[in-house]
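Enquirer: sequence first, predicted coordinates after that:
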Amino acid sequence: MTLIADYPIVIPFIAILLAEVAKMLVDLFSKRQKIRFLQSGGMPSGHSAFVAALVVAAANREGIGSTAFMVSAVIALVVMYDAIHLRNEAGKHAKMLNRLNPQAKLEESLGHTRAEVIVGAVFGALIAFLLLNL
């Protein structure tokens, strides 16, 4: 695929799209009332898939000693930390606020568990690796 070879920036976008499809399928098979697609929360983490794919693409194109790799790795760590800690806490607050005021109807599934983030990161890295080795 010359598109991927010439424009590796498409790799993270493919990874997040596939992760979101996987999340939708997980929601369908677990019979959730709300099917998530391009939304926060759920298994696997699309954000983690995106940044992990970006790290793999940067490593492949520039090498692991490059600035591009280091910057993408740091961004990936920040995004994943945020998904597990900050956004998860915001979801807990939304849940409490919804109990206090049921009319608020705030989104409660904002963050991710560690497992969702790890699966998303592995998923994104694998997708990137596969796309780079077609």
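Expert: Arrived safely, thanks for sending. Numbers count the residues shown, from 1 in each chain.

Enquirer: hang on, isn't residue 14 packed against residue 127?
Expert: Yes. When contacts are counted by Cβ atoms under 8 Å, residue 14 is listed as touching residue 127 (6.5 Å). The C-beta positions use only the backbone N, C-alpha and C, and glycine is treated the same way.

Enquirer: overlap of the contact sets of the two?
Expert: Residues touching both residue 14 and residue 127 by Cβ atoms under 8 Å, 6 or more residues apart in numbering: residue 53.

Enquirer: these two: which is more packed in?
Expert: Each of residue 14 and residue 127 has its neighbours counted (other Cβ atoms under 10 Å); residue 127 has more, 22 against 18.

Enquirer: contact partners for that one?
Expert: Taking Cβ under 8 Å, 6+ apart, one finds 11, 14-15, 18-19, 49, 53 in contact with residue 127.

Enquirer: check residue 15 too.
Expert: 49-50, 52-53, 123-124, 127-128.

Enquirer: out of those, which sit inside strands?
Expert: Secondary structure of these is defined by DSSP state E; no position falls in strands.

Enquirer: would you mind checking these for buried ones?
Expert: Buried members of the contacts of residue 15, counted by 16 or more other Cβ atoms under 10 Å: 49-50, 52-53, 123-124, 127-128.

Enquirer: low-confidence stretches in the protein?
Expert: Applying pLDDT under 70 to the chain picks out residues 1, 32-39.

Enquirer: strands of that one, residue ranges please.
Expert: Taking DSSP E as the test, none of the chain falls into strands.
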